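*Asks:* how would this look folded up:
(chains A, B and C)
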Amino acid sequence: MIRFWQRAGHAALVLPLVLFLGLFFVWPLLTVLEQAVSDPVVSRHLPATTAASATWDRKSVPSAEMQQAFVRDLRAIDDDQTLGDLVRRLNSAQPGFRTLMKKTVTAARDSDGPLDLAEVDARWRETAFWRAIAEATNPYTDRNLLAAIDLQRDPSGAIATMAEGESANRTILLRTFLVASTVTLATCLIGLPYAMLVASSVGWRRQLLLAAVLLPLWTSLLVRTTAWYILLQDQGLINSTLSALHLIAHPLPLLFNRTGVIIAMTHVLLPFMVLPIYSVLIAIPKNLVPAAASLGAGPIRAFVYIMLPLTLRGIASGALLVFMAALGYYITPALIGGPKDQMISSVIAFYATGSANWGMAGALGIVLLAATLVLYGIYGRLSAANTARA
Amino acid sequence: MAIPRIRIDQVSKSFGAVQVIKDLSLDIERGEFVSLLGPSGSGKTTLLMLLAGFEQPTAGSIVLDGSRIDHLPPHRREMGVVFQNYALFPHMSVADNVAFPLKMRGIGRGEVEGRVKRALDMVQLSSMRDRRPAQLSGGQQQRVALARALVFEPAVVLMDEPLGALDKQLREQMQLDIRALHKRLELTVVFVTHDQSEALTMSDRIAVFNQGIIEQIGSPRAIYDHPATRFVAEFIGETNLLEGTVKGHQADGTTIELDLDRHLTVPRTEAILPGARVLVSVRPERILLGSPSVAVQNRLPTRVLDSVYQGDHLRVQLDEAAFGLVVRLDRRFAEWPAGADVVAHFAPDDCWVIAA
Amino acid sequence: MLRTGRFLFGAATVLFLLAPLIAILPLAFTSSSMLTYPITQLSGRWFEELATADAWRRSIVNSLIIGGGTTLLATVLGTLAALALRRRIAFHSALRTLFLLPMVVPAVVLGIGLQILLARLGLANTYLAVIIAHTVVAVPFVLVSMSASLDGIDPRLERAAASLGASPARVFLLVTMPLAMPGILSGAALAFATSLDEVVLTLFVAGPNQLTLARQMFASIRENISPAIVAAAFLFIVGTVLIGGLLAAVRQKALRTSATP
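*Replies:* Here you go, the predicted model:
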């Protein structure tokens, strides 16, 4: 009995953090999801219309009842901001609503009692506009999520690609993916040999090589990015050294372009590639390569058949870590990159703080989050397998 | 006179300022089982590494079947190596581990299959062929390592303390198994160990290492009964060492004068001149204890200090009158309690003289 | 041949890793307002600017306040959780994964969510909001550090204390906590460093009066770059080194006193 309370008390120690994270970590993420799929403008501000449209067949022009419900709702709106939001929302689904609504609202406010909408504007006889309103009454939508990957629903309801120039999200997603891949490759090409070098060194040499990798980790990311910003300038240290050595005639453009971003991100993320590989390497028994040699495998074959397969897990872990981090990076591409180098995180930030389009910000955020979580799941599997094997 | 299979000719090896092997020469015959025995740091493992090709000699040469091999890298030496801790490839199955050397030699699939099967049958592990090394016990891993080192039928097999991690019973069984394999396959084996009873059990010849040189090389019997140096006498088995001076040589033996005006007759050794200081080595199991009145050669009247039961024998400590000799008293003989007056005695052939 | 190749590669990589940091630090002392070499004259004016310019001074103070708050909150929450996770409680690995997730999730996404949520809770533009945000990402570090430290405590010491008459509470206070102190201090230091360095969440959550040093640096780089930024970076590095050095010293002392003979 005492044991039970003791253990319950012990387990209760975990509650404060669980509550804290539940409130300030999980709930915000759910909020993002909510923003991505919510579309409350119409359902909130045209309540009668919303109720009425539930029974509408969407094939023929709506009943008079529904039309008057709409008029009533319009009259009830006294806030220009809300009206603006409403118009924007409807217009993005069906062009022409801006002028239509202007006319209709003026007409509604100038009169009392039932209003003949067809009289105000002939467009009210077209089901297309009414359908746009009806579809917008759903408080949840997949518009944003679809738009996040440049898709939309055409008038018939099927999913189709957006027209050229309307949305550049795919381009940006692709670009983010490309940059992350390039950085992962670069860190792998430098990191794998370096990790092998560290693992095969002893004494002070190994300590030095390890310190060189750990020290940047300890230093602030902002400081490191600032350092690269300063170094990559046209008059920065790199260019001035190269021209002092007469290797270049004109300064190399290294800032505000892809090259600079790749260099800076590789520098920042290199430790995340080196450390997993290193930890796998030192766990490999030292006598495996001599054993392979005694059995007839030369240095190259010993590497290919013995070292590489055993190191693969470390390389995969490192690559996943780097790729995951690179996908979501904000600071480095924002500071070092040019307009053509902005990654998905910048776009999300822009939608959120720049244009207050929380729907798109949320949708893109969900895409990024989903990708990250999937990768983390794979990484977790790999690490578990690593420790099980040890 | 057949060409020795391996000739190690005046080999030295230094690591920086430390000389680990000093001008060592050794011939190993075809089909011989030679143990390199010695304490840690004596150079035995280094010599094995030189043979395998993982180290290069600082001086001297190593010749295999008439041709020099010290310039050859390990993967071209055609020697099977069984490592301490086995060095099995954790990411390959047992069968793949054993197949590895055949794969390295480009041998075709069908033949590989057959040879792997035979190798695993030889060590009685066919049922484990698809398991991973991590799923096997220490003894089973050992046998896989053995199969892997033998499957490509190397000229020579080198073993670096392969039985060290096993428990006593398993180790003794493996010793017999390895010896049986050696005889059956007519292998030439170089076996490193620090366990002298292991060396005595398994070897045709034992090379006793001390600080980079071989103090004595010979059959187990020769090493045990006739140790050449104090080190060998003390390293192999247990012994009593008595300091004395050569008094003179007679027809039936040599007389050694010990302290306390005692004399011993030992096997005749004219090589050592009268007046020279020597050590007489007499093994505890060779000393007999009799009642004070018994008349024998090499007689040391003494008193029993302590008598400890050891199961199959009694360990008897004698007092200073017998120079603190330790006697291993077989249970078949009469027991003597502590404090009893006895005479310790042994025949001249039961002891051995070492130059001091 | 291979040896020189290895040496060159190693040296080049070490240079790549460390040079950027070392290369810019001297610029904190340049007298010119351009961030270029060679430095013709040394001056401490940029440090002066940090101390006197309103924006910089406020941001340093803010960083200290928010850093302190984060350290406190994160250390408490993280330590409690680490203690709980010492034993196999229900949902052990799920909880552990949850606690480490903040390190993995993209900060931008979390930032948006927090901005909306904190506004709804009426905490927009407050110090508390920023402290909460920083704590979320700092807790995993405290947790990892504490867990490692607690794992290193020999349970036999605690059992011995119990066998000598100490109640569970006293064992905790007199044996467990003192032995875990290095872990607590490391965790606290990491939490402070994390808060100091945090930019992205701060972008979303901090109001104009809660701009931290990092946030200020970020804005300056984009809008108005000057050696003051390098001076700030210098302070950052010095601060980090001091904390790291302090930690190392504490750890050494702990090792010496707790080493079982």
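*Asks:* unless I'm mixing things up, B:Glu335 is touching B:Leu329, no?
*Replies:* Yes - using CB atoms under 8 Å, B:Glu335 makes contact with B:Leu329 at a distance of 7.3 Å. Every residue, glycine included, has its C-beta placed from N, CA and C.
*Asks:* Tell me which residues of the longest helix seen in chain B come out buried.
*Replies:* Ranked by residue count and defined by DSSP state H, the top helix of chain B is helix B:168-185. If you call a residue buried by 16 or more other CB atoms under 10 Å in any protein chain shown, then helix B:168-185 has these buried ones: B:Arg171, B:Met174, B:Gln175, B:Asp177, B:Ile178, B:Arg179, B:Leu181, B:His182.
*Asks:* Hmm, B:Pro162 and the first one touching each other?
*Replies:* What that stands for is B:Arg171. No - B:Arg171 is beyond contact range of B:Pro162, at 9.7 Å (criterion: CB under 8 Å).
*Asks:* ok, stretch A:13-32 near chain C or not?
*Replies:* Yes - on the criterion CB under 8 Å from any CB of the partner chain, stretch A:13-32 is in touch with chain C at A:13-14, A:16-18, A:20-21, A:24-25, A:27-32.
*Asks:* List only those of the residues you listed flagged as buried.
*Replies:* Neighbour-count burial (16+ other CB under 10 Å) applied to the residues of stretch A:13-32 next to chain C gives A:13-14, A:17-18, A:20-21, A:24-25, A:27-29, A:31-32.
*Asks:* Assumed A:Val374 was part of a helix.
*Replies:* Yes - counting by DSSP: H, G, I helix; E, B strand; the rest coil, one finds A:Val374 located in a helix.
*Asks:* tally of neighbours for it?
*Replies:* 11 (other CB atoms under 10 Å in any protein chain shown).
*Asks:* What of A:Gln235?
*Replies:* Counted with other CB under 10 Å, A:Gln235 comes out at 13.
*Asks:* what do you get for the one 5 residues further on?
*Replies:* The burial count assigned to A:Ser240 is 17, neighbours taken as other CB under 10 Å.
*Asks:* what's the answer for the one 10 residues further on, then?
*Replies:* Number of residues near A:His250 (other CB under 10 Å) recorded here: 8.
*Asks:* That one in helix, strand or coil?
*Replies:* Assignment for A:His250 (three-state DSSP): coil.
*Asks:* now swap in B:Val343 and tell me
*Replies:* B:Val343 ends up strand, using three-state DSSP.
*Asks:* Give me the residues contacting stretch A:9-17.
*Replies:* For stretch A:9-17, contacts defined as CB atoms under 8 Å, 6 or more residues apart in numbering or on different chains pick out C:76-78, C:80-81, C:83-85, C:87, C:89-90, C:95, C:99, C:139.
*Asks:* Only the buried subset of these, as a ChimeraX command please.
*Replies:* In ChimeraX, a selection of the buried entries from the contacts of stretch A:9-17 looks like this (16+ other CB under 10 Å):
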select /C:76,77,78,80,81,83,84,85,89,95,99,139
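*Asks:* Of the contacts of stretch A:9-17, which pair is most distant in space?
*Replies:* Greatest spatial distance among these (CB to CB): C:Val76 and C:Ala90, at 22.4 Å.
*Asks:* Output the below-cut-off pLDDT ranges for chain A.
*Replies:* By pLDDT under 70, the low-scoring segments of chain A are A:1-2, A:155-157, A:164-166, A:385-390.
*Asks:* 50 - rerun?
*Replies:* Applying pLDDT under 50 to chain A flags the ranges A:390.
*Asks:* So which bits of it are right by chain B?
*Replies:* A:285, A:287-288, A:290-298, A:301-302, A:305-306, A:309-310, A:389.
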